[in-house]
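In: sequence? don't have it. structure:
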Ligand SMILES: Nc1ncnc2c1ncn2[C@@H]1O[C@H](COP(=O)(O)OP(=O)(O)OP(=O)(O)O)[C@@H](O)[C@H]1O
């Protein structure tokens with residue numbers, strides 16, 4: 001928890017140095033025990049909100065209502081609504097970090113990203129921080145389902161928003177983190193021990209030597225593309241896309257995995273997510289659907305004027321880095337299988353992603369090789 005506080009101190013110092021004190025985000029050292037049942041937790045959440053926001057301090061607890069927001073598998077997300085006046089209700093979300101999430105999420109990187117991305121108009125506004133979580137604005141929109149993402153109009157909206165997101169400048173190092181993160185996951189995953197004998201047995205069937213070789217080879221191979229590096233979301237699954245149809249406004253949310261990375265990774269990873277948690281890769285977008293997305297990504301106002309050369313280069317990068325996305329989430333899943341309190345078959349998920357990686361690899365290698373030999377990359 002101390003580490004989280006340090007990050008807030010750094011952000012505060014940055015604001016002070018840049019004279020940006022007016023927009024300073026309140027921080028409370030309050031910690032909410034995530035194992036508490038919701039009725040016991042509610043008064044603590046109200047107390048936390050009062051501690052953070054001065055204008056709520058004098059309000060009676062009966063003016064607050066707290067409910068669980070469904071959908072999150074990593075964190076506990078609550079909606080707090082406050083009747084500030086008889087005709088004015090304000091809602092915020094309170095996110096409590098899930099136990100052990102620090103093994104796969106760099107909170108410092110996440111907070112920096114939220115700060116700059118929310119200023120650039122992406123995601124929910126950051127309103128406050130506390131010992132084991134943060135408070136953000138509540139977004140009035142529906143969360144997408146995997147099947148929504150391939151609807152041409154929605155796909156174009158997503159592509160356009162991702163294109164804008166990739167243009168945001170986040171201060172600090174611009175070194176791509178993809179392989180650093182995959183290797184970090186690998187180091188942790190390869191040294192785990194499971195208490196449950198069944199899980200340990202299944203874990204022992206994983207060849208870490210082979211997995212390591214695949215990671216290094218794919219890093220070398222994708223490196224040949226010299227692919228552009230952007231600040232990438234890295235987790236563009238349907239649950240992280242919210243759409244307000246009336247306002248035609250699409251929100252990219254949840255920047256937990258955001259980092260500088262290859263644009264093809266963000267797009268290939270998004271396409272892999274058409275398959276949902278069931279990993280039905282038969283629904284991976286067709287070449288035509290990918291071109292539609294890529295054209296809107298590259299030129300939202302005049303998608304038909306994008307040159308085929310530009311479309312083809314993003315298409316090839318996407319296909320190459322979709323393999324990296326399988327390796328990323330496969331190694332991540334091994335750690336989750338050991339660390340996450342969530343009842344999900346993470347080891348099964350590892351095998352689904354790794355097997356798909358092996359299945360797709362020959363086709364992708366031949367696509368990239370013929371692209372490289374026909375162009376002067
Ligand atoms: N600011 C917000 N306003 C309204 N709803 C939100 C907000 N943030 C998240 N949600 C809803 O909560 C769900 C889970 O949020 P989020 O993805 O941030 O949590 P998570 O625990 O990191 O989940 P996962 O691990 O599945 O990505 C979203 O799919 C969305 O439906």
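Out: Okay, I see it. Fair warning: this is a prediction, and the values are worked out from it, not measured in the lab.

In: alongside the ligand, which residues does the stretch 151-300 of the chain contribute?
Out: Taking Cβ under 6 Å from any ligand atom as the measure of proximity, the stretch 151-300 of the chain contacts the ligand at 239, 240, 253, 254, 256. No exception for glycine: its C-beta is placed from N, CA and C like everyone else's.

In: do I have it right that the fourth one meets residue 235?
Out: Yes - because the distance of 6.6 Å satisfies Cβ atoms under 8 Å, residue 254 is recorded as touching residue 235.

In: low-confidence stretches in the protein?
Out: Where the chain drops to pLDDT under 70, the residues are 1-8, 10-23, 70-74, 376-377.

In: any part of the longest helix along it near the ligand?
Out: Counting residues, the longest helix found in the chain (DSSP state H) is helix 308-339. No - for helix 308-339, no contact with the ligand is found by Cβ under 6 Å from any ligand atom; the gap never falls below 9.9 Å.

In: counting contacts, what elements does that helix pack onto?
Out: helix 178-190, helix 197-203, helix 208-223, strand 259-262, helix 263-272, helix 287-298, helix 346-374 (3 or more Cβ pairs under 8 Å, 6 or more residues apart in numbering; DSSP states H and E).

In: most tightly packed of those?
Out: Using mean count of other Cβ atoms under 10 Å, the stretch among the helices and strands packed on helix 308-339 with the largest mean neighbour count is helix 263-272, at a mean of 25.

In: tell me which strands and helices that helix is in contact with?
Out: Applying 3+ Cβ pairs under 8 Å, 6+ apart, we find helix 263-272 packed against helix 152-165, strand 229-232, helix 287-298, helix 308-339.

In: kindly recompute the last result at 10 Å.
Out: Contacts defined by 3 or more Cβ pairs under 10 Å, 6 or more residues apart in numbering; DSSP states H and E place helix 263-272 against helix 152-165, strand 229-232, strand 259-262, helix 287-298, helix 308-339, helix 346-374.

In: from memory residue 320 sits against residue 262, does it?
Out: Yes - Residue 320 is in contact with residue 262 according to Cβ atoms under 10 Å; the separation is 8.7 Å.

In: taking the centroid of this structure, which residue is nearest it?
Out: Centre of the chain computed as the mean C-alpha position; nearest residue by Cα atoms, centre = their mean is residue 235, 3.5 Å away.

In: what's the closest non-adjacent residue to it?
Out: Sequence neighbours aside, residue 257 is the residue nearest to residue 235 in space, at 4.4 Å (criterion: Cβ to Cβ, 6 or more residues apart in numbering).

In: before we move on, what about residue 178?
Out: residue 261 (4.6 Å).

In: and the residue of the chain positioned farthest from its centre, how far is that from residue 63?
Out: Going by Cα atoms, centre = their mean, the residue of the chain most distant from its centre is residue 86, 37.3 Å out. Distance, residue 86 to residue 63, using Cβ to Cβ, to the nearest Å: 10 Å.

In: related to what we said a few turns ago, what about the residues of the stretch 151-300 of the chain next to the ligand, which one has the most neighbours?
Out: For those, the largest number of neighbours (other Cβ atoms under 10 Å) sits with residue 254, at 24 neighbours.

In: sec struct for it, please.
Out: coil (DSSP: H, G, I helix; E, B strand; the rest coil).

In: for it, grab phi and psi.
Out: With angles defined as degrees, to the nearest 10, residue 254 shows backbone torsions of phi 60, psi 90.

In: shouldn't it be in contact with residue 93?
Out: No - in this structure residue 254 lies outside contact range of residue 93 using Cβ under 10 Å: 11.0 Å.

In: tell me how the chain divides into domains.
Out: In terms of domains, the chain is parsed into 2-137, 142-371 (source: automatic domain parsing).

In: looking at the ones you listed, which is buried most?
Out: Highest mean neighbour count among those (mean count of other Cβ under 10 Å): domain 142-371, with a mean of 18.

In: of all the helices and strands packed on helix 308-339, which one comes closest to residue 36?
Out: Proximity to residue 36 (Cβ to Cβ) singles out helix 346-374 among the helices and strands packed on helix 308-339, at 24.8 Å.

In: just checking, what packs against that closest one?
Out: Helices and strands touching helix 346-374, by 3+ Cβ pairs under 10 Å, 6+ apart, are helix 197-203, helix 208-223, helix 263-272, helix 308-339.

In: end-to-end on stretch 198-214?
Out: 26 Å (Cα to Cα, to the nearest Å).
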